[in-house]
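Asker: Sequence plus the predicted model coming up.
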Amino acid sequence: MQTPIEIAFQHFEPSEEVRAEVARQAKRLDKFSDRITSCHVAIAGPQTRHRQGGLFKVDIRIAMPEHHDVIVTRAHGDMPERTHPLVAVREAFDAAVRQIEDFAREARG
């Protein structure tokens, strides 16, 4: 990746564990493409303090040359195990990897 990853948090206090997971997942992207120029991640937590569990939304934008940007939006909360921010981050990055792999397959033709 050519620039440092940018991470934004909304509606919850991020832990070092969440920050480290985002960094680990972003570094993992380099295995799938050496053409990534930047990665922006926004994680939004539950909007009210009264909800049990809560919905985490992860937005990822990965810039690549030739306008092949990867954009992922994942909202998690319908299942109890998906109310944790680490699970939301991992699943969003897994979706990003699938898109990057699709771009690579198209490029190979």
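Answerer: The structure has been received and is ready for your questions.
Asker: from here on, contacts and neighbour counts on C-alpha atoms
Answerer: Fine.
Asker: Show me the shaky parts of the protein.
Answerer: Scanning the chain for pLDDT under 70 picks out 48-54, 67, 76-83.
Asker: The nearest residue to residue 90 once chain neighbours are set aside: how many residues sit nearby?
Answerer: Take residue 90 and drop its neighbours on the chain: the residue closest to it by C-alpha to C-alpha, 6 or more residues apart in numbering is residue 25, 7.2 Å away. Per other C-alpha atoms under 10 Å, the neighbour tally for residue 25 reads 16.
Asker: Tell me if residue 25 really is in a helix.
Answerer: Yes: counting by DSSP: H, G, I helix; E, B strand; the rest coil, residue 25 is located in a helix.
Asker: now it: how far from residue 101?
Answerer: 15 Å (C-alpha to C-alpha, to the nearest Å).
Asker: go on, residue 71?
Answerer: Here the distance between residue 71 and residue 101 works out to 13 Å (C-alpha to C-alpha).
Asker: got it, and residue 28?
Answerer: Distance from residue 28 to residue 101, by C-alpha to C-alpha: 13 Å.
Asker: One more: residue 86?
Answerer: Noted for residue 86: a distance of 23 Å to residue 101, by C-alpha to C-alpha.
Asker: Between those two, which is the more surrounded one?
Answerer: Applying other C-alpha under 10 Å to residue 86 and residue 101 shows that residue 86 carries more neighbours, namely 18 against 14.
Asker: Run through the residues that contact the more buried one.
Answerer: By C-alpha atoms under 8 Å, 6 or more residues apart in numbering, the contact list for residue 86 reads 18, 21.
Asker: now the strand or helix carrying it: how far from the chain's centre is it?
Answerer: Assigned by DSSP states H and E, residue 86 belongs to helix 85-108. The chain centre lies 9 Å from the centre of helix 85-108; the measure is C-alpha atoms, centre = their mean, to the nearest Å.
Asker: Check which residues of that helix are buried.
Answerer: By neighbour count on 16 or more other C-alpha atoms under 10 Å, the buried set for helix 85-108 is 85-93, 95-97, 99-100, 103.
Asker: Just the C-alpha atoms of that helix, please, in PDB.
Answerer: Written as PDB, here are the backbone C-alpha positions of helix 85-108 (Å, rounded to 0.1, in the frame of the first residue of the first chain):
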ATOM      1  CA  PRO A  85     -16.600  -5.000  15.900                       C
ATOM      2  CA  LEU A  86     -13.800  -7.500  15.200                       C
ATOM      3  CA  VAL A  87     -16.200  -9.800  13.400                       C
ATOM      4  CA  ALA A  88     -17.600  -6.900  11.400                       C
ATOM      5  CA  VAL A  89     -14.100  -5.800  10.400                       C
ATOM      6  CA  ARG A  90     -13.000  -9.300   9.300                       C
ATOM      7  CA  GLU A  91     -16.100  -9.900   7.300                       C
ATOM      8  CA  ALA A  92     -15.900  -6.500   5.500                       C
ATOM      9  CA  PHE A  93     -12.200  -7.200   4.600                       C
ATOM     10  CA  ASP A  94     -13.100 -10.700   3.400                       C
ATOM     11  CA  ALA A  95     -15.600  -9.100   1.000                       C
ATOM     12  CA  ALA A  96     -12.900  -6.600  -0.200                       C
ATOM     13  CA  VAL A  97     -10.500  -9.500  -0.900                       C
ATOM     14  CA  ARG A  98     -13.100 -11.200  -3.000                       C
ATOM     15  CA  GLN A  99     -13.500  -8.000  -5.100                       C
ATOM     16  CA  ILE A 100      -9.700  -7.600  -5.500                       C
ATOM     17  CA  GLU A 101      -9.500 -11.200  -6.600                       C
ATOM     18  CA  ASP A 102     -12.300 -10.600  -9.200                       C
ATOM     19  CA  PHE A 103     -10.400  -7.600 -10.600                       C
ATOM     20  CA  ALA A 104      -7.200  -9.700 -10.900                       C
ATOM     21  CA  ARG A 105      -9.100 -12.500 -12.700                       C
ATOM     22  CA  GLU A 106     -10.600  -9.900 -15.100                       C
ATOM     23  CA  ALA A 107      -7.100  -8.400 -15.800                       C
ATOM     24  CA  ARG A 108      -5.700 -11.900 -16.600                       C
END
